[in-house]
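Asks: can't give you the sequence, but here's the structure:
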């Protein structure tokens, strides 16, 4: 069951008219509800959070403070979940830390002109994307199937070099039984001189 609260608000909004200029409000609303099933967060950020219905007395409180509180919640959710930079709309990108509406529009335009991003470092080629903005936003952006698997994680690009170096230099170790230095637990170990009852690690 998909919650349709706010779908009518979206269907008459400027965002909907931009996305579906040749469709009427009923079609826009139906599409919005369908997309909520696929990616609720990406679709719900396109409307004012107050339109979803946040409480019976939402109109009785200070509207400025309410907007600030709701925007903070949405921004926290977006940055906690992370954003696929190759599919995100400019509305969704604008909630990522360090990215505003103008920079979000530039990212979408760059993606349309140059194709999907394959590394997060390519963000530095986007107009108006400075080092400071990149440092703030890169850790919240994801690139599934990119050149570097870490680009699809919360690992920041600035930490990737040390992470990769650590993975290459770190040697795998096997747990050692405190009872004897010759007893190792490993899936490929075939010759164990101790009985299972003799080693506490083997009793598990």
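Replies: Right, received. Where do you want to start? Just so it is clear, the structure is predicted and the values come from calculations on it, not from any experiment.
Asks: rest of the way, CA atoms for contacts and neighbours
Replies: Fine.
Asks: all helices of the protein, in order?
Replies: Along the chain, the segments classed as helices by DSSP state H run 7-11, 14-19, 25-38, 40-44, 63-81, 90-93, 101-114, 131-137, 157-169.
Asks: could you chop this protein up by domain?
Replies: Following automatic domain parsing, one finds the domains of the chain at 1-59, 82-170, 171-204.
Asks: sorry, back to before: among the helices of the chain, show the one with the smallest mean pLDDT.
Replies: When those are compared by mean pLDDT, helix 157-169 comes last with a mean of 63.
Asks: burial count for the closest residue to residue 45 other than its chain neighbours?
Replies: Distances taken as C-alpha to C-alpha, 6 or more residues apart in numbering place residue 92 nearest to residue 45, at 6.1 Å, with adjacent residues excluded. Using other C-alpha atoms under 10 Å, residue 92 is surrounded by 24 other residues.
Asks: residue 92 and residue 44 touch, don't they?
Replies: No. Residue 92 lies out of contact with residue 44 (C-alpha atoms under 8 Å); the separation is 9.0 Å.
Asks: just the pLDDT at residue 174, thanks.
Replies: 47.
Asks: can you offset everything so residue one is 313?
Replies: Sure, I'll start counting at 313 from here, so that last one is residue 486.
Asks: deepest of the helices of the chain, which one?
Replies: Comparing those on average neighbours per residue, with mean count of other C-alpha atoms under 10 Å, the densest one is helix 402-405 at a mean of 24.
Asks: list the helices and strands that one packs on?
Replies: helix 413-426 (3 or more C-alpha pairs under 8 Å, 6 or more residues apart in numbering; DSSP states H and E).
Asks: now do the helix it packs on: everything it contacts.
Replies: Helix 413-426 is contacted from outside by 398, 401, 402, 403, 405, 406, 429, 435, 438, 439, 440, 441, using C-alpha atoms under 8 Å, 6 or more residues apart in numbering.
Asks: ok, back up a step: for the residue nearest to residue 357, give me its contacts.
Replies: 354, 357, 358, 390, 395.
Asks: give the contact list for the fourth one.
Replies: The neighbourhood of residue 390, defined by C-alpha under 8 Å, 6+ apart, consists of 353, 404, 407, 408.
Asks: next one: the first one
Replies: With contact set as C-alpha under 8 Å, 6+ apart, residue 354 has these partners: 348, 400, 401, 404.
Asks: and it, how close does it get to residue 327?
Replies: Counting by C-alpha to C-alpha, to the nearest Å, the separation of residue 354 from residue 327 is 13 Å.
Asks: quick one, phi/psi of the residue nearest the centre of the chain?
Replies: With distances taken as C-alpha atoms, centre = their mean, residue 394 lies nearest the centre of the chain, 1.4 Å away. Reported as degrees, to the nearest 10, the phi and psi values for residue 394 are phi 90, psi 160.
Asks: now the nearest residue to it once chain neighbours are set aside: how far from residue 377?
Replies: Among residues not flanking residue 394 along the chain, residue 452 sits closest, at 4.8 Å (C-alpha to C-alpha, 6+ apart). Distance, residue 452 to residue 377, using C-alpha to C-alpha: 26 Å.
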